[in-house]
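K.L.:
quick one, what's the 3D model for this:
(one chain, ligands or ions: 1)
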Amino acid sequence: MALMTNEKCKVEDIEEVEPETKVESRGRETKLCSVRDLTPEERDRLSSERTLVSDFKQIKLEKEAQKNWDLFYKRNTTNFFKDRHWTTREFEELKACREFESQKLILLEAGCGVGNCIFPLLEDDLNIFVYACDFSPRAVDFVKENPLYCTERCCAFQCDLTRDDLMENVPEGSVDVVTLIFVLSAIHPDKMKLVLENISKVLKPGGVVLFRDYGMYDHAMLRFKSGNKLGENFYVRQDGTRSYFFSKEFLAKLFLEAGFDLVSNEYVLRETVNKKEGLCVPRVFLQSKFIRPAHPQSS
Ligand SMILES: C[S@@+](CC[C@H](N)C(=O)[O-])C[C@H]1O[C@@H](n2cnc3c(N)ncnc32)[C@H](O)[C@@H]1O
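P.N.:
Presented below is the predicted three-dimensional model:
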């Protein structure tokens, strides 16, 4: 249930491609402190979905997660997601977290896809080194083929964030900023904590994780047809890739249990116009920051 105290903190124009339909949309963003209100129809729709995908199919989806993402990039190559030019505006740490002006910023983009987040940053800021990893070997190849890729400024590698130790490619405690942009939602909720623990080892004490992903009651969550529900707030798309929709509380608990401190955590609501369907639809994202404490509390 949404609280009545939703605070509208900031409004801006944002442009993006809607992942589900590939429909380009434009909208204004509003920061919200609690989940958006559902209409009675939306509430009925969500509560009527009780049947979950069978255990057999769920195990198969988990086993084939990497294959399904790799096939996604085989079909869509570099054409699906738009370059994310909003990151430096939304996350000032990407520019401001240096202790001295000439300091090189070391960044890890975990689950980089084909590099829509990192290449605008590399273009924008010459004094940055980027580690970028993804599950999909094809996605990593696309990153390496990008004309902006050069080994002096980037290191891209294939890795399953739930299983492969990041320290095989990234020195322990060396990274200033980790970006997790629409990645954790693709991972089974039971394995999300493993990803955060993996990231924590390469992050410097005092280093920051910048997170943006699908939020509770995003339009994409309400579009899923029956037969696509895997669990609470967790769904499978037609192509076998999965998507979790985050509440603030779930995300905060996940990070706190992995040893991080909370800096900020808020919903971003964007009323977008889906030009193809002529509809105004609410997109909801969760945008958050966490730090690895400089002096971890002993348990
Ligand atoms: C929606 S895309 C986002 C890509 C990129 N961060 C961006 O902003 O465009 C999600 C990415 O997560 C990757 N991914 C999913 N599970 C993963 C895992 N266990 N380890 C590493 N990457 C994973 C997928 O291959 C896919 O490229």
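
K.L.:
the residue in the stretch 101-250 of the chain positioned nearest to the ligand: what's its closest spatial neighbour, skipping adjacent residues?
P.N.:
Here the residue of the stretch 101-250 of the chain nearest the ligand is residue 113; by Cβ to the nearest ligand atom that distance is 2.8 Å. Placement of C-beta: from N, CA and C, glycine included. Spatial nearest neighbour of residue 113, chain neighbours left out: residue 139 (5.3 Å); criterion: Cβ to Cβ, 6 or more residues apart in numbering.

K.L.:
quick one: least confident helix or strand in this protein?
P.N.:
strand 11-18 (a mean of 36; mean pLDDT, DSSP states H and E).

K.L.:
just checking, the residue nearest to residue 113 touches residue 112?
P.N.:
Yes. Shown here, residue 139 and residue 112 form a contact pair, counting by Cβ atoms under 8 Å, at 7.1 Å.

K.L.:
ok, the two, which is more surrounded?
P.N.:
Counting neighbours by other Cβ atoms under 10 Å for residue 139 and for residue 112 shows that residue 112 has the greater number, 28 against 24.

K.L.:
that one sits in which helix or strand?
P.N.:
Using DSSP states H and E, residue 112 sits in no helix or strand.

K.L.:
show me the contacts for it.
P.N.:
Neighbour list for residue 112: 118, 132-134, 139-140, 143, 156 [criterion: Cβ atoms under 8 Å, 6 or more residues apart in numbering].

K.L.:
how about it: what's its closest non-neighbour residue?
P.N.:
For residue 112, the closest residue by Cβ to Cβ, 6+ apart turns out to be residue 132, at 3.8 Å.

K.L.:
quick one: the one you found is in a helix?
P.N.:
No. The assignment for residue 132, made by DSSP: H, G, I helix; E, B strand; the rest coil, is strand rather than a helix.

K.L.:
what is the burial count for it?
P.N.:
Neighbour tally, residue 132, other Cβ under 10 Å: 27.

K.L.:
how about the residues of the stretch 51-200 of the chain by the ligand?
P.N.:
Residues of the stretch 51-200 of the chain lying near the ligand by Cβ under 6 Å from any ligand atom: 65, 69, 81, 84, 111-113, 116-117, 134-136, 139, 159-162, 181-183, 186-187.
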